[in-house]
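K.L.:
Mind looking at a prediction? Sequence and model below.
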Amino acid sequence: MTENVTTENVTNDPIIVCEDVHKWFDDFHVLKGITTSFKKGEKAVICGPSGSGKSTFIRTINRLEEHQRGTIIVDGIELTNDLRNINLIRQEVGMVFQQFNLFPHLSNIKNITLGPMKVRKLSKRQAEEDALALLERMGIADQAYKYPSEVSGGQQQRVAIARALAMEPKIMLFDEPTSALDPEMISEVLDVMRELAHSGMTMLVVTHEMGFAREVADRVMFFDEGVVVEEAAPADFFDNPQHDRTKLFISQTLQH
Amino acid sequence: MLQNPTKPPFWRDVRFLKVLFQVLFLLGVAAMAGFFYANMMSGLRDQGHPLSLSFLRNEAGFEITDGIDFNASDTNLKAFWVGVVNTLRVSILGVFCATVLGFIFGVARLSTNWLIRSIAAIYVEIFRNVPLLLQILFWYALTRSLPRIQESITIADTFFLNVRGFYLPTIAGNAGLSVWLWYLLWGVVSAIIVVLCFAAFRHLSRSSGLEQTDRPSFASNIIFGTKWIAAPVFMTVAIAGWFLSPGQPFEIIVPELQGFNFVGGINLTPEFLGLLVGLTVYTSAYIAEVVRGGIQAVVKGQREAARAVGLTEAQVLLSVVIPQAIPIIVPPLTSQYLNLAKNSSLAIAIGFLDVFHVAQRMMVPTGQTIPLFGMIMVTYLIMSLTTSVFMNWYNRHITRFER
């Protein structure tokens, strides 16, 4: 690891270990043997062209997609067909989606308390107290009793982050969290993610926000056609890419 | 320059023409209705059957074994009422059972378990694609092959199924009932008093220390009190009253075989059962499809988000998917309810005396075909409109959130 603001939080214990992970959609080979591991407190940014398998990869980590070959071990629990393991891992891994996926029939606060009440069996009172504290941290405590459709996209995504954090996860997955947002709302979501990164959360972020990657990431991974083409600390990755494919991608994304 | 700034002549004025055409159309419809009415009345006069409702006071002259007690010497009006009640009985019970079955099979069709999914698919495809009349005749024929009355199929000697139908226990009020009802009234009164006192006390004592926004309103105190205090108070009084009343307020009457028949309890006749099962099964197949469509219309991301916070598959379905599917399901569900109620007129095929069959029976002896058809139509219209109004209200009630 190199000189980076968040390196002090990174420990040496791996929390996610992936060994030769393969995934097919029918005949289409999406992931062609991903072997990597993530340390506790590490922030990894995953980038790459669309269709490169980057989203599919992070979705295998909480079993929204099933991998067909290889092993994934999250915090000592192997992801298999064992329902108990899947549920345990989902409680430890929070996820934020590109389209927010808030529950439209529930108010913002109920979106957040649903998981803690149903899964962690918290009392309603405790869950709501926690939820309000989280919304406060997200800077939107005043939106608690509105419905998702009544707040802006940036606020919705922050509610979604609060919803994931309410389960007190050890790992947070972000699947293009800012791609569906209007430009002026991107920064409010990135600010929240930056704050989260400094708090020591382990984060895997699929994003096209290269500024965020440079500033926050411990490691940038570049995916293309189902394999990790290159991974390096952000400074090396952006200023001194090794592979032609990476060079092309960086020149195309950074030129505007 | 404007060509014609003044008012246009009336034959070119769009507003005038709109009204004119509507008036002309209404006059045309009224003229046609009047012509047919006059024609009908003169025809009826020539046949010696002037329109009259007096036949309703005459003796019916036929028996009805289903539903309300009725014998041949009762009036036609009462016969019609018995028919209405029979239609309502089979429709309401049918709607209830079809909804339950439909939801079960609709959810089952989306199961990840191949066997469950296939059974549900076969059920839906069979019962949706065989004519309803055939199905009703089939179920009715099946009741004909049930065991004789002495060899009834029984559950715990309380429920009996045999060739004369289904016998089940009933609850009847006893001498103690009126005393117990007084206790219930006292329970309600004391619960109201306690809740009001509680709400007032909480409103006054807790409001000073809290922020304006955190302060519970008087109304919310009442809601809270109703939930946590009124119910226990009412239950306590009701249960105490139950034991304090002289004798049990209710008794359960179990059907008993006396001689060649069962006495006591409720009897669902084979005709009622055949019609009920036919309507239920047929409609439930359609409802299953409606439910399946509603669930599939909920976007995939909702399920993923629910799974990602660690909900089990059952919780995903109950807390996230079904609440969003219900508003999609309700409108087509309403038309299935209306279809079931109207399809109950097929009762005539197996001799069940619903409103349509009863009226049909009266037509020949009384000759009052037209008033009877009017009465039937009004009955179905009232039933359907009531259902529609209720379901529309329910739909508005549950779709208050934006999608």
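P.N.:
Cool, got the structure. The shown structure was predicted, so the numbers you read here are calculated from the model rather than taken from an experiment.
K.L.:
drop to CA atoms for contacts and neighbour counts, all remaining ones
P.N.:
Noted.
K.L.:
element containing the residue sitting furthest away from the middle of chain A?
P.N.:
Most distant residue from the mean C-alpha position of chain A: A:R125, 28.5 Å away (C-alpha atoms, centre = their mean). Assessed by DSSP states H and E, A:R125 sits inside helix A:124-138.
K.L.:
Can you report how many residues lie near B:F390?
P.N.:
B:F390 sits with 12 neighbouring residues when counted by other C-alpha atoms under 10 Å in any protein chain shown.
K.L.:
what number of residues lie near the residue in the stretch 151-256 of chain A positioned nearest to chain B?
P.N.:
With C-alpha to the nearest C-alpha, the shortest gap between the stretch 151-256 of chain A and chain B falls at A:A164, namely 6.4 Å. A:A164: 28 surrounding residues under other C-alpha under 10 Å.
K.L.:
Leaving out sequence neighbours, find the closest residue to it.
P.N.:
Nearest non-adjacent residue to A:A164, counting by C-alpha to C-alpha, 6 or more residues apart in numbering or on different chains: A:G94, 4.7 Å away.
K.L.:
Show the backbone phi and psi for the one you found.
P.N.:
The phi/psi pair for A:G94 (degrees, to the nearest 10) reads phi -90, psi 150.
K.L.:
One more: A:F28?
P.N.:
A:F28 has phi and psi values of phi -80, psi 120 when expressed as degrees, to the nearest 10.
K.L.:
what separates B:Y183 from B:A231, distance-wise?
P.N.:
Distance from B:Y183 to B:A231, counting by C-alpha to C-alpha, to the nearest Å: 15 Å.
K.L.:
picking that back up, just the pLDDT at the residue of the stretch 151-256 of chain A closest to chain B, thanks.
P.N.:
Per-residue pLDDT puts A:A164 at 94.
K.L.:
in terms of contact count, name the helices or strands touching the helix or strand that contains it.
P.N.:
Using DSSP H and E, A:A164 sits in helix A:153-165. Judged by 3 or more C-alpha pairs under 8 Å, 6 or more residues apart in numbering or on different chains; DSSP states H and E, the packing partners of helix A:153-165 are strand A:93-96, helix A:108-118, helix A:124-138, helix A:183-198.
K.L.:
Just name the most buried of the ones you listed.
P.N.:
Highest mean neighbour count among these (mean count of other C-alpha atoms under 10 Å in any protein chain shown): strand A:93-96, with a mean of 28.
K.L.:
Show me what it is packed up against.
P.N.:
Going by 3+ C-alpha pairs under 8 Å, 6+ apart, strand A:93-96 lies up against helix A:153-165, strand A:171-175, helix B:300-308.
K.L.:
Just the residues contacting it, thanks.
P.N.:
Contacts to strand A:93-96, defined as C-alpha atoms under 8 Å, 6 or more residues apart in numbering or on different chains, come from residues A:62, A:157, A:160-161, A:164-165, A:167, A:169-175, A:177, B:305, B:308-309.
K.L.:
and if you look at stretch B:65-84?
P.N.:
Contact with stretch B:65-84 is made by B:55-64, B:85-86, B:268-269, B:272, B:352-359, B:362, B:379, as judged by C-alpha under 8 Å, 6+ apart.
K.L.:
Identify each buried residue in it, please.
P.N.:
Residues B:66-67, B:70-71, B:74-80, B:82-84 are the ones in stretch B:65-84 that count as buried (16 or more other C-alpha atoms under 10 Å in any protein chain shown).
K.L.:
where in the chain is pLDDT low?
P.N.:
All of this is about chain A. For chain A, the stretches with pLDDT under 70 are A:1-9, A:255-256.
K.L.:
other chain: chain B
P.N.:
Across chain B, the ranges flagged by pLDDT under 70 are B:1-5, B:205-217, B:247, B:400-403.
K.L.:
picking up where we left off before, beta partners for the residue nearest to A:A164?
P.N.:
Beta-bridge partners for A:G94, by DSSP bridges, are A:M172.
K.L.:
What is the end-to-end distance of stretch A:200-208?
P.N.:
End to end - C-alpha to C-alpha - stretch A:200-208 spans 22 Å.
K.L.:
ignore the last one, stretch B:151-159
P.N.:
Taking C-alpha to C-alpha, the first and last residues of stretch B:151-159 lie 13 Å apart.
K.L.:
chain center to that stretch, what's the gap?
P.N.:
Stretch B:151-159 sits 29 Å away from the centroid of its parent chain (C-alpha atoms, centre = their mean, to the nearest Å).
K.L.:
Now it: buried residues?
P.N.:
By 16+ other C-alpha under 10 Å, the buried positions in stretch B:151-159 come out as B:S152, B:I153, B:F159.
K.L.:
Can you name the helix or strand that the residue of the stretch 201-350 of chain B found nearest chain A falls in?
P.N.:
Nearest residue of the stretch 201-350 of chain B to chain A: B:G310, at 4.9 Å (C-alpha to the nearest C-alpha). If you go by DSSP H and E, B:G310 is not part of any helix or strand.
K.L.:
I'd assumed A:N87 was in contact with it.
P.N.:
Yes: applying C-alpha atoms under 8 Å as the test, B:G310 and A:N87 come out as touching, 5.8 Å apart.
K.L.:
neighbour count winner among these two?
P.N.:
Ranked by neighbour count (other C-alpha under 10 Å), B:G310 and A:N87 place B:G310 first, with 28 against 21.
K.L.:
what's that one in contact with, if anything?
P.N.:
By C-alpha under 8 Å, 6+ apart, B:G310 lies in contact with A:N87, A:L88, A:R90, A:Q91, A:G115, A:V119.
K.L.:
mind checking the SS state of A:S52?
P.N.:
With DSSP: H, G, I helix; E, B strand; the rest coil as the basis, the three-state label of A:S52 is coil.
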